[in-house]
Each structure stands twice: as structure tokens, then as C-alpha cells.
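S.K.: take this sequence and fold it.
(chains A and B)
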Amino acid sequence: MGILKSVSDWFETRLGIKDLVEKNLTGYLLPRNINFWYSMGSVVLFIFVMQVLTGILLLVYYIPESDKAFGSVVGIMNRVPFGWLIRMCHVVGSSMMVLFVLFHMLSVLFMGSYKRPRELNWLSGFILFTLVQAICLTGYLLPWSQLSFWATTVATNSVGAIPHIGKFLVEFLRGGTLVGPPTLGRFYTLHIAVIPVLLATVIGAHLFFLERIGVSTPPFGLDNTKNRWQGDAFRYEEHPGGIPFFPNYLLRDMTSIAVYFVLLATIVFFFPNLCFTKDAFVQANPFQTPAHIKPEWYFLANYQTLKLFPNEFIGLSIQGAAMTFLALLPFIDRGNEKHPLKRPLFLAAAIGGILLFIALMVWGHYS
Amino acid sequence: MDSSRRRFLFACLGGVAAVGAGLALYPVYNYLAPNKTGANEEKVSIPESDILPGDAKFFDFRGETGVIVHKKSGELIALSAVCTHLGCIVQWESAKQDFLCPCHGGRYTEDGVVISGPPPRPLGKLPFTVAGGAIIVG
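M.R.: Below is the predicted model of the structure:
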């Protein structure tokens, strides 16, 4: 113990660790009425770290060439020891990341935590949501199966609906007229290098904004649920008498992460084919489009919306408008009330939006 | 809480964390470790007519490089082609009927015995048989 104390004292005199621990851990107070929904962000961060780690492991055996990619993935699944486990964690983890980002977003929406002065938190979070969708889209192509190839064809085709520059954008995205080996090169670079760096950067900004302004108080169990921000000067939202982040809320975060692990393990070990259709087990054939090709569940609503409108550009514009509305929500919803039950218009629109999303998703699956 | 009880609970938590870390690291280690399945049973067959007297043929053998020398006397010998100095692949010099390692100039006889240079040991011998006009190594 003497040596440990000496080492600890050496770092303390050079870095002031005790002060850092006091400011950011034991002295970082959170509102007493905080609930488990506040741990969704930590779960998403954990999933991101797991995706990076499993992704790096997959890079050891994956070959990013169109004639070898599928074979390398089959090799990982069937020949490399525990390759199936690493790959399944990565595949299921990608769907879980989208799911938990949606949970996190919904909890922020319902508790009014997007309202001023947290517009930057919301905007950075929205950018993260878009980047998560982009990384899922680019990663989907890499196994080079029939499902990968044709789902990417459908997804990249939709960009062509943009007037004047659509065709150019599609070809630029694909690296050619059709999805092919150049597309794999581009999507591979985006998936393993560009988007992860962007994600890490924006996550850093997101956490900085959170740290700077302070955690918002949940509107539950309080008499006054209105937003108390004056708007005249910067003020850190303190929670005197609150619970410390370490060890109390960190334990809550770890509990939520453990629950996530149970969900991940259940799907990986007991329902491994949940994330795959039969087209995922056949190598890509550019001359044969399979029947009923569909995107992943999180793009089904977009896919069905495009099918509903006769003009693809209108379909894209409506989705663009919806996303823009969502991105600018803190600037549109300027009311002070945070409790969802005291915001009937918001509640109706939010529940309507969620039901519409689920309905379009189910419709897209069965259509 | 009684401090001895707290220490006990922390020790249990530490144990669970260690088991969890082991459970996570075991598959990752096996995933990354080089695959040795079947490596000790693999045999290589080379037609005898492929190697003329005074010539040598290099081949892959169980993840390493081997060489068969057909001496001018008619005798065959199978050796590891990995230089015992620092692991470079030796080259057959048919004019001198010996092996030269291009990395640091180590030289071996046609039987793999060190003539000169830094190699500390002779080239390893590989087991082989000749049957039906084929040299079977391993």
C-alpha cells in the first residue's frame, strides 16, 4: 500500500487528481428526481465503443475487395475461432445503436431537455443521429451479399430524385453508374475512417455542451415544471443537494448497460437470424435482383414513404422537411413548459409521429 | 455499513469483474491467435521429375518455406529454407551447389551445414519419402 500511496501522491502533486475527481465525479451533482432514461446516452456511448472494438477486430480478417469480401465474412463466421461472436455483436450492435439513439432522443423530447439553453445539445445530437444512420448504411454494403448489394442500390438510387444534380450525386456516391467495386471502396473508407472520426468529434462536442450547461432537471415529481432559464447570461444549471454522479448515478448507468448486454446476448445467442434475411447468405450477383429486397428496419419508414408518393422528389422532400422540423425543434417550440402532460400539442404530435413511424415501418416490412 | 462487510462486497465485485473480463478476453484472444488447425498433419507432394539433378525446388510447408535439393549424385534431401540466423529465406546457387542467405551472407552446403557467415545452426531437416515418382514431404 506504501508504494501505491507514493505513486498516487506523485500524480496528485502534478495533476491535482483529487480536484478533478471532486469536480467531475463525486462533486458532480445530478437532480434527485433523475430517472433511468437519463442513462440512455451512456448506453449509446457504450454501444459506440463496442462497435469500434468489434469493428477493429473484424478488420483483421475482412478483405475489402468485391470478389473476396463475401468469402472473408463467411470465413469469419465459420472458420475463425469466435469470429461468429465478434461479427454477430457488430451486426446486432448496429441495430441496437439506432434503437437506443431513438430511445435517447425520445426521452429528451418528452422531458423537454431540448429546450433553451440546450439547443446546441439537441443539434449536435441530431447530427449524431444522422451520422449513425450513415455509418449503418455504409457498413451494410461491406459483406457484399445480395441483401447488401441491392439494398445499397435502392438507398443510393433515392438520391437521384434531387433535381438537376441527382444523377451526378448518385454516380459520385457509387463511384460509377451502378453499385460495384468502386462503391465498396468508398463505403469502406467512409465506414471505418471518415464517419467514426466524425462521430467521435461530435460526441465530444455533445458531451462538452452537456458538461458546460449542466444536466437538465426532469419535470417529474415537481410542482414547478417550467423552464427557469432567463436568457440574459450564461448560467450553469446546478443541483444543490443532488445525488453525486460517482458512485450513485454511475451505478445506474452500469445497470442500464448490463440490461443492454442481456438484450444483446439474447439476440446474438438465441435469435441470430433476426437481423438477416435469406439474401444475406448469398454472394452479390449484379445481374440478378432478388424479389422483395428491403432495407434494414430503421430505414423501412423512409422506404415506404418513397413508395407512397408517385413522385420520388416529393417523397424525399417530405422526409427532408420532417427531419428539418425535428432538427430545428428547440427554435420552433419556445414554450417554457417541460412536463409532457402539460404540453398537449407536443404530446399529440410526438405520439402521432411515433405511431406513424411504426406504422410505416410495419407497412414497409409487409408490403 | 460495517467496513468489513463493505470490503467483502468490493472483493466479490472485483471477482465478478475479473471473471467478466476473462470471459470477454478469452474469445478475443482465440479470435486473434494464429490458426494452427491441421498444421501438423499437412503433407506436400512434389513430382520427382520437377527437380533436375543439381537443382532445388522451394515450396510452402506448414506455414513455412521448405526446399528439396536434388544433388548431382542423385540423392534427394528436404530442408527448411528458413535461415537459422534471422529467418530470411535462403537462395539456391546452382553454380556453387550451395545455399546463400541474401540478408547477411550466411552460406550453407547442399546438406544445410553452415559454411560461413552468422548462422548459428544448420538448416533443419524435413522428413520425406519417395513413392510412385513423387516426393512426399511431412
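S.K.: how about the residues of chain B near chain A?
M.R.: Residues of chain B found near chain A (Cβ under 8 Å from any Cβ of the partner chain) are B:27-28, B:30-33, B:35. (C-beta placed from N, C-alpha, C; glycine too.)
S.K.: average pLDDT across the host helix or strand of A:Asn302?
M.R.: Here A:Asn302, judged by DSSP states H and E, is contained in helix A:297-308. For helix A:297-308, mean pLDDT is 88.
S.K.: just how off-centre is it within its chain?
M.R.: Chain-centre distance of helix A:297-308: 18 Å, with Cα atoms, centre = their mean, to the nearest Å.
S.K.: picking that back up, so which of the residues of chain B next to chain A are in helices?
M.R.: With helices defined by DSSP state H, the entries of these inside them are B:27-28, B:30-32.
S.K.: which of those tops the neighbour count?
M.R.: B:Tyr31 (19 neighbours; other Cβ atoms under 10 Å in any protein chain shown).
S.K.: for that one, which non-adjacent residue is closest in space?
M.R.: The spatially closest residue to B:Tyr31, leaving aside those adjacent along the chain, is A:Phe82, at 4.7 Å (Cβ to Cβ, 6 or more residues apart in numbering or on different chains).
S.K.: OK, contacts around that neighbour?
M.R.: Contact analysis of A:Phe82 by Cβ atoms under 8 Å, 6 or more residues apart in numbering or on different chains lists B:27-28, B:30-31.
S.K.: at 6 Å what do you get?
M.R.: Residues in contact with A:Phe82 (Cβ atoms under 6 Å, 6 or more residues apart in numbering or on different chains) are B:27, B:30-31.
S.K.: looking at the residues you listed, which one is closest to A:Leu137?
M.R.: Among these, B:Tyr31 lies closest to A:Leu137 (Cβ to Cβ), at 26.4 Å.
S.K.: who's in contact with that closest one?
M.R.: A:81-82, A:86.
S.K.: how confident was the prediction at residue 71?
M.R.: Went with chain A since none was named. At A:Gly71, the pLDDT value in this model is 96.
S.K.: actually, chain B is the one I wanted.
M.R.: 93.
S.K.: what does the one 10 residues further on give?
M.R.: Each residue has a pLDDT score; the one for B:Ala81 is 95.
S.K.: tell me where the stretch 1-150 of chain A has strands.
M.R.: A:29-30 (DSSP state E, counting those that start in this stretch).
S.K.: so which residues on it come close to chain B?
M.R.: For the stretch 1-150 of chain A, the residues found near chain B under the criterion Cβ under 6 Å from any Cβ of the partner chain are A:81-82, A:85-86.
S.K.: buried members of the residues you listed into ChimeraX, please.
M.R.: With 16 or more other Cβ atoms under 10 Å in any protein chain shown as the criterion, this ChimeraX line picks the buried residues out of the residues of the stretch 1-150 of chain A next to chain B:
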select /A:82,85,86
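S.K.: residue 30: what's it in contact with?
M.R.: I'll assume chain A. A:215, A:242-243, A:245, A:249.
S.K.: um, chain B though
M.R.: Counting by Cβ under 6 Å, 6+ apart, B:Asn30 has contacts A:81-82.
S.K.: which residues touch A:Pro244?
M.R.: Neighbouring residues of A:Pro244 by Cβ under 6 Å, 6+ apart: A:Thr26.
S.K.: just list whatever residues bridge to it.
M.R.: A:Leu29 (DSSP bridges).
S.K.: report the contact partners of A:Pro272.
M.R.: A:Met88.
S.K.: against A:Pro181, how distant is it?
M.R.: According to Cβ to Cβ, to the nearest Å, A:Pro272 and A:Pro181 sit 29 Å apart.
S.K.: then A:Phe220?
M.R.: Taking Cβ to Cβ, one finds A:Phe220 at 54 Å from A:Pro181.
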